[in-house]
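>>> prediction below, plus the sequence it came from.
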Amino acid sequence: MSSTEFLLDDLTDAPGIDVEAALDPVEADGYYRDSRQCAALALVSSSSQLLLSPPTPRPKKG
Amino acid sequence: MNHTRLVHHVGVGALEWLHAHRDGFRLELDVDPEIGFLERFKPVGELALICKVLFREGVAGSRQATLARQLIDHAWCHTLDGGRMLVRGQRAEPLSPIPFEVYLPFKELGYSSPEAERAFRLNQRLDSYAALEMSPVRRLGLSAFQRRFGLPPRVPEADVVGATWLGRSPEPWTVEGHIAYDITHTVFHLTDWGENPDGLPAEVAGYLADWLPAWLDDWLDLQRWDLLGELLVVDACLPRPTLDERAWEGFAAAQQPDGAMPAVRTMPQGEPDEVFDVVYHPTLVAAFASVLATSRALTQLVRTPS
Amino acid sequence: MEQSGTSTRLAGAVQGLMSELVSALRSGDRFRLAGTVAQGNGPRATADPALAAVRVVGADVVLPSVLLRCAPPASDDLTVFSRALHAYPPPAGAPPTSVWSHWAMRRALLRLDASLDGASGDDTEPEAAWLDDAPWQFLTHQLAVLAPLALPGEDCAVARAARRRPVDVARGFVRAVRRRDWLQAAGAGRWLVLLDEVPQTLGLDPGLEFVAQMGGEDARVAFQVEAAQLMRAGVPV
């Protein structure tokens, strides 16, 4: 069976490594949705009605 | 009680704005045929629905009752020309459900147009009208309106619920904006716009109780006030409304000093007519949510043993 | 994927370690920590954050053997694990997540080889009151950070807090998915597979797959989902 090796160094106080911060992360902002889609939907929905369907298309005259 | 006051105040402000801007509820008589004459009927119908809710739930304060009555009078007498515009609209689009859907709340508030009603009764008998292809939630709403009008729905509501998104209790983590609006409208129709919370099947009520807090959090975070307001209506329709404090506080904070509720984040810029067209709906929703939630909050206070 | 609060180098080391662990979970191949240890006082190369990464990953470093997916760690692997444990004790005033993470690591080590525990014999649990009245959003976030505690048959105070509020954790899962916080969703999902009375309408199984599909390029996400799915399938401990 193959083994996986993970190399280590015994240096534990390497600069730029904040272990405690990694152990207590703050939650990231929820920016990840497509706000363009959402904004457009807000405008569409107010016309896409509480209740009403689009009217049937009118035949063109003439 | 402070929370109830906050909730109530949202509706007070919204109604003031709606009344002050009632001229925005206007039809366009020379409209481009591609858009259709009936397009601008929808806000009028929505206004009537909300006024119906206001009167049904018992609008607190004589000023609100006066404003609401003036609003609905203006819509019927001026905007709809005493109902004649509905007749005209139906003649322009004979198969459209819109004139009927606009008319019903006015009828329930005491207004009447016999000529319009003749057209509605005919449509209800047409197979084509019953066969019109529309989304399940739309059909649910139309059938509910027919029932309320006194016409047996050609497509029974019970036959449609299972076809709605909400009726199938799907994975709650998939709810994006379109689905969320389908959810809210399904609840509106099942409960007759909050009049009958028992209209929610038990499984649906349980499903909503489980997942509504997550959706409220979501749209509050995104500052989608229009949708948040509709979900607050849904909350007020539950057997045990939560009256989510955090959501209501965010909602109330978004409201403008003149009572307008923006649709998304902040107020749009533009000509007054353009701003009205964007803002009237979330402001109507704010009034709706406030009236229902206030009514439920007061009921809870009465029920809570001291 | 944002990794708030960590240096890029530590984040990279964590990704590397987690990738190896995902392979171990999937393949059942034995996972080795052993490697070269620098001797003496020679000139130091660029600092290697590997030991810090072991501390950050914590008890999950030995999860493959805990879930019986592969053979128990070799003694030199346990030595490294023990070194990471002792090199990074929680400082005074450390937040509960750090304290509990350390406790979980120590307990994992004790279960594997009690002779390696060089600390005092005090293995009482840290306090868990910080979760008692936590809003469901914060509860889920903290539970997800402490995903290494989500083990079958686990009975510590954090696990009991999770078991008391299955619906709230489920809501937290929904919220994390909607926010596209795949790591939080994966950690919440791992807890959910162990809780009773999770609403069946949550759709946890496709939800886990969805999280892996959307966020699996982050090895931490892939690991937590893999762990959750293994525990879901009833892998015994």
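Ah, there it is. Residues are numbered from 1 along each chain as shown, chains lettered A, B, ... in the order given.

>>> make sure B:E115 is actually in contact with B:V87.
Yes. The criterion here is Cβ atoms under 8 Å, and B:E115 meets it with B:V87 at 5.2 Å. The C-beta positions use only the backbone N, C-alpha and C, and glycine is treated the same way.

>>> more crowded one of those two?
The neighbour comparison of B:E115 against B:V87 (other Cβ atoms under 10 Å in any protein chain shown) goes to B:V87, with 21 against 11.

>>> tell me the secondary structure for that one?
helix (DSSP: H, G, I helix; E, B strand; the rest coil).

>>> who's in contact with it?
Listed by Cβ atoms under 8 Å, 6 or more residues apart in numbering or on different chains, the contact partners of B:V87 are B:P99, B:S113, B:E115, B:A116, B:A119.

>>> make JSON lines out of those and add distance to B:F106, pLDDT and secondary structure.
Converted to JSON lines, the contacts of B:V87 look like this (distance: Cβ to Cβ, whole Å; pLDDT from 0 to 100; DSSP: H, G, I helix; E, B strand; the rest coil):
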{"residue": "B:P99", "distance to B:F106": "11", "pLDDT": "95", "secondary structure": "helix"}
{"residue": "B:S113", "distance to B:F106": "8", "pLDDT": "98", "secondary structure": "coil"}
{"residue": "B:E115", "distance to B:F106": "14", "pLDDT": "97", "secondary structure": "helix"}
{"residue": "B:A116", "distance to B:F106": "10", "pLDDT": "97", "secondary structure": "helix"}
{"residue": "B:A119", "distance to B:F106": "15", "pLDDT": "96", "secondary structure": "helix"}
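
>>> the one residue in the stretch 1-150 of chain B that gets nearest to chain C: which element?
The minimum distance from the stretch 1-150 of chain B to chain C, using Cβ to the nearest Cβ, falls at B:H3 (16.4 Å). Using DSSP states H and E, B:H3 sits in helix B:2-20.

>>> what's that helix in contact with?
Here helix B:2-20 has contacts from B:47, B:54, B:60-61, B:64, B:67-68, B:70-71, B:243, B:245, B:248-249, B:251-252, B:255-256, B:258-261, B:280, B:283-284, B:286-287, B:289-291, B:293-294, B:297-298, B:301, using Cβ under 8 Å, 6+ apart.

>>> ok, back up a step: any shared contact partners between B:E115 and B:V87?
Counting by Cβ under 8 Å, 6+ apart, nothing touches both B:E115 and B:V87.

>>> what sits against the closest residue to chain C within chain B?
Nearest to chain C, among the residues of chain B, is B:E171, at 3.4 Å (Cβ to the nearest Cβ). Contacts for B:E171 (Cβ under 8 Å, 6+ apart) come out as C:T201, C:L202, C:G203, C:P206, C:G207.

>>> what of C:A53?
By Cβ under 8 Å, 6+ apart, the neighbours of C:A53 are C:L10, C:A13, C:V14, C:G16, C:L17.

>>> 7 Å instead?
C:L10, C:A13, C:V14, C:L17 (Cβ atoms under 7 Å, 6 or more residues apart in numbering or on different chains).

>>> repeat for C:V22
C:V22 touches C:A219, C:A222, C:F223, C:E226, counting by Cβ under 7 Å, 6+ apart.

>>> list the buried ones in stretch B:180-198?
Buried residues in stretch B:180-198, defined by neighbour count with 16 or more other Cβ atoms under 10 Å in any protein chain shown: B:180-194, B:197.

>>> what mean pLDDT does that stretch have?
The average pLDDT within stretch B:180-198 is 96.

>>> quick one: terminal-to-terminal distance for it?
From its first residue to its last, stretch B:180-198 covers 21 Å (Cα to Cα, to the nearest Å).

>>> quick one: is that stretch near chain C?
No. Using Cβ under 7 Å from any Cβ of the partner chain, stretch B:180-198 never reaches chain C; the gap is at least 10.6 Å.

>>> now do that stretch: everything it contacts.
A:45, B:49, B:53, B:56, B:137, B:140-141, B:144, B:148, B:164-166, B:199-200, B:215, B:227, B:230-231, B:233-234, B:236-239, B:292.

>>> stretch B:110-124 too?
Here stretch B:110-124 makes contact (Cβ under 7 Å, 6+ apart) with B:W76, B:G83, B:L86, B:V87, B:Q90, B:P99, B:F100, B:Y103, B:Y129, B:Q146, B:L151, B:R154.

>>> among these, which are located in helices?
Counting by DSSP state H, the part of the contacts of stretch B:110-124 found in helices is B:L86, B:V87, B:Q90, B:P99, B:F100, B:Y103, B:Y129, B:Q146.
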